[in-house]
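Engineer: return atomic coordinates for the entry below.
(one chain, ligands or ions: 1)
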Amino acid sequence: MKVVFITGVSTGIGYATLKRLTETGYFVIGSVRNASDALRLSNEFGSKVHILEFDVTDQIKTHTQIESIYPILQKNGLACLINNAGIAVPGPLEYLSEQDFTYQMDVNVLAVRRVTNMLLPYLGSDTQYNPGKIIFISSVSGLFNAPFNGSYCISKHALESMIDVYRRELYRFGIQVSAIEPGPIKTEIWRKNLGQLDKFLDTPYGDILSSADKMIENSDKSALPVKVITDIIDKILVAGSPKTRYLVHKKPFLFKLMSAYLPDKFVDKMVHKTLSKKDNYRPV
Ligand SMILES: NC(=O)c1ccc[n+]([C@@H]2O[C@H](COP(=O)([O-])OP(=O)(O)OC[C@H]3O[C@@H](n4cnc5c(N)ncnc54)[C@H](OP(=O)(O)O)[C@@H]3O)[C@@H](O)[C@H]2O)c1
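Structural biologist: Here you go, the predicted structure:
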């Protein structure tokens, strides 16, 4: 039995990946945050899945839930871990509360290391198990820093670092590590932010943020379907030597140019100009 572990399977990329992998014969261990999602997925996928219930910021529950599936992993090893669960906490860095900023880092960075470390022996850092793969769902926000989405960008930049370090440390075990770096994908993650920026409207950034909801709605229309991500995950799982990074963007050349090659001051001006237009900007 080939086992894959995915965090955050209630919706979006995680749900679509769980569905795809059960269709292609994998046994999927997926995590959700609440009992109703666990029940819904168990009913939908039956014996093809094992659903765990924990919030990744709850360290005790994370440990007890993951430990509960060790017998499955001791028998089968782990073919792949997909670190997917994530959130985006928007707001200007100056006014974002300490609590919100810390929560963003906990979910998108600290918890990823906690979960990964608990599963690494079964991915092959214990050499009695065959080497598996790790896929991190990063973001173009790990490559480019967008204003008012700062805590998310910082978290994904930190994640990009973590991915490189793990890849180089795990090389000796043959564990292959890949990052998927998507631009906008049609999921609920950004819609969850509708109205979230209202609390900053009476700050000096209020004029720009007043149209944030419209920007999110507009850019949602141009997002790519989740299938582009599940297709890449399929590819990684069967590849003998998967790529270390997969950039997923409608205009990859333009994105690379802007994020890596154009001078900072030119890009600063461009971002400022786009923000002032208040219609088609999306902070990823
Ligand atoms: N959609 C995009 O445009 C896009 C672009 C680049 C990267 N990404 C990345 O893709 C990944 C998946 O996001 P998505 O777009 O599929 O969004 P989504 O539909 O909102 O899914 C996020 C998943 O993470 C779970 N999650 C959030 N906070 C959690 C916590 N504290 N503990 C445990 N689980 C938690 C959510 O559970 P609940 O349902 O309980 O909230 C949900 O299952 C994220 O890492 C995101 O950064 C997305």
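Engineer: contact partners of the lengthiest helix in the chain?
Structural biologist: Looking across the chain with DSSP state H, the single longest helix is helix 150-170. The contact list for helix 150-170 (C-beta atoms under 8 Å, 6 or more residues apart in numbering) reads 87-93, 96, 100-101, 104-105, 107-109, 112-113, 116, 120, 123-125, 134, 136, 138-139, 141-146, 177, 179, 244, 283. To be clear about C-beta, it is placed using only N, CA and C from the backbone, and glycine gets the same treatment.
Engineer: get me the contact residues on the stretch 101-250 of the chain for the ligand.
Structural biologist: Residues of the stretch 101-250 of the chain lying near the ligand by C-beta under 6 Å from any ligand atom: V107, I137, S139, P182, P184, I185, T187, E188, I189, K192, A223.
Engineer: could I get the residues you listed as CSV with pLDDT?
Structural biologist: Putting those into CSV (pLDDT from 0 to 100) gives the following:
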residue, pLDDT
V107, 98
I137, 98
S139, 98
P182, 97
P184, 94
I185, 96
T187, 94
E188, 88
I189, 88
K192, 85
A223, 93
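Engineer: would you map the strands across the stretch 101-250 of the chain?
Structural biologist: Secondary structure of the stretch 101-250 of the chain (DSSP state E, counting those that start in this stretch): strands at 133-137, 176-182, 245-248.
Engineer: can you redo those as TSV with mean neighbour count and distance to Y15?
Structural biologist: Output for the strands of the stretch 101-250 of the chain, formatted as TSV (neighbours: other C-beta atoms under 10 Å; distance: least, C-beta to C-beta, whole Å):
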stretch	mean neighbour count	distance to Y15
strand 133-137	25	13
strand 176-182	24	15
strand 245-248	18	17
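Engineer: export the ones you listed to a markdown table and tack on distance to L197?
Structural biologist: Conversion of these to a markdown table gives the following (distance: least, C-beta to C-beta, whole Å):
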| stretch | distance to L197 |
| --- | --- |
| strand 133-137 | 24 |
| strand 176-182 | 22 |
| strand 245-248 | 26 |
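Engineer: pretty sure V115 contacts T57?
Structural biologist: No - V115 lies out of contact with T57 (C-beta atoms under 8 Å); the separation is 11.3 Å.
Engineer: identify each buried residue in the lowest-mean-pLDDT helix or strand in the chain, please.
Structural biologist: Taking mean pLDDT, DSSP states H and E as the measure, the chain has helix 212-221 as its least confident helix or strand, at a mean of 76. Buried positions in helix 212-221, judged by neighbour count with 16 or more other C-beta atoms under 10 Å: A212, D213, M215, I216, S219, D220.
Engineer: and the third one, how close does it get to the ligand?
Structural biologist: When you say that, I think you mean M215. Look at M215 and the ligand: by C-beta to the nearest ligand atom, to the nearest Å, they are 14 Å apart.
Engineer: can you give me the distance of that residue to K277?
Structural biologist: In this structure, M215 and K277 are 10 Å apart, going by C-beta to C-beta, to the nearest Å.
Engineer: which residues do those two both contact?
Structural biologist: With C-beta under 8 Å, 6+ apart, M215 and K277 have no common neighbours.
Engineer: how far does the longest helix of the chain sit from the chain's center?
Structural biologist: 11 Å (C-alpha atoms, centre = their mean, to the nearest Å).
Engineer: can you point out the buried residues in that helix?
Structural biologist: Buried residues in helix 150-170 (16+ other C-beta under 10 Å): 150-160, 162-163, 166-167, 170.
Engineer: need the CA coordinates for that helix. CSV is fine.
Structural biologist: Taking Å, rounded to 0.1, in the frame of the first residue of the first chain, the C-alpha atoms of helix 150-170 are listed here in CSV:
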residue,chain,number,x,y,z
GLY,A,150,3.5,41.0,4.1
SER,A,151,3.1,38.4,6.8
TYR,A,152,2.1,35.8,4.2
CYS,A,153,5.1,36.7,2.0
ILE,A,154,7.5,36.6,4.9
SER,A,155,6.1,33.2,5.9
LYS,A,156,6.5,31.8,2.4
HIS,A,157,10.0,33.2,2.0
ALA,A,158,10.9,31.4,5.3
LEU,A,159,9.3,28.3,4.0
GLU,A,160,11.4,28.5,0.8
SER,A,161,14.5,28.6,3.0
MET,A,162,13.2,25.6,5.0
ILE,A,163,12.6,23.7,1.8
ASP,A,164,16.2,24.3,0.6
VAL,A,165,17.7,23.3,4.0
TYR,A,166,15.6,20.1,4.3
ARG,A,167,16.4,19.2,0.6
ARG,A,168,20.2,19.5,1.3
GLU,A,169,20.0,17.8,4.7
LEU,A,170,17.9,14.9,3.5
